[in-house]
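J.: sequence below, structure please.
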Amino acid sequence: FGVNDFSVDLGIARGLEYYTDFVFEVYADNVQLGGGGRYDDLIQILGGDPCPAVGVGLGIDRIAQALGKQGIKISKERLHCMVLPARGEVLGEALAIAMKLRQAGFATDVDLMGRSLTKAISYADARGARYAVVVGPRDLKVGRVTIRDMESGNQRRVPREKLVEELSSG
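T.: Down below sits the predicted model:
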């Protein structure tokens, strides 16, 4: 994974009331990015069934700081595409489409929350997406997706294999 420098410190102690086993911290260039540990009893404490668990929390600001130290700039470009799976059954295809869009250079995100299409489109708008790409089961069966221009509200169905070309041409 490209990790060349790491250490194991068995003496870390933090927030022991939650942890049931190991704890860990993640650093890059002497900046703590996050930490976590084993929380086997936490779900039960919160009212759920007993369940072994591991958790981690990362700080976005800390990650940005570490990337900056390495000379990596964080792009603040506008979200170009929000891929909206119309149903859970098409999530895999939606993720594949998002990957293809990213590989083509489009800033792309996927709505993973299972929202209704109306709410998902509102979410895409709130995120500032230029286009919403709606992936529905019926359209997929015939090899197409729907592109919604978030500025005009116009929609058009396009062959899935021409999606990148269509988005490139506006």
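
J.: what residues sit buried inside the helix or strand containing Gly36?
T.: Using DSSP states H and E, Gly36 sits in strand 31-38. Buried residues in strand 31-38, counted by 16 or more other Cβ atoms under 10 Å: Val31, Leu33, Gly35, Gly36, Gly37, Arg38. For glycine as for every other residue, the C-beta is placed from the backbone atoms N, C-alpha and C.

J.: which helix or strand contains the residue of the chain positioned farthest from its centre?
T.: Farthest-out residue of the chain from its mean C-alpha position, per Cα atoms, centre = their mean: Gly11, at 33.0 Å. Under DSSP H and E, no helix or strand contains Gly11.

J.: give the contact list for the closest residue to Leu84 other than its chain neighbours.
T.: Nearest residue to Leu84 in three dimensions, chain neighbours excluded: Ala120, at 4.4 Å (Cβ to Cβ, 6 or more residues apart in numbering). Contact partners of Ala120, counting by Cβ atoms under 8 Å, 6 or more residues apart in numbering, are Met82, Leu84, Asp111, Met113, Ala132.
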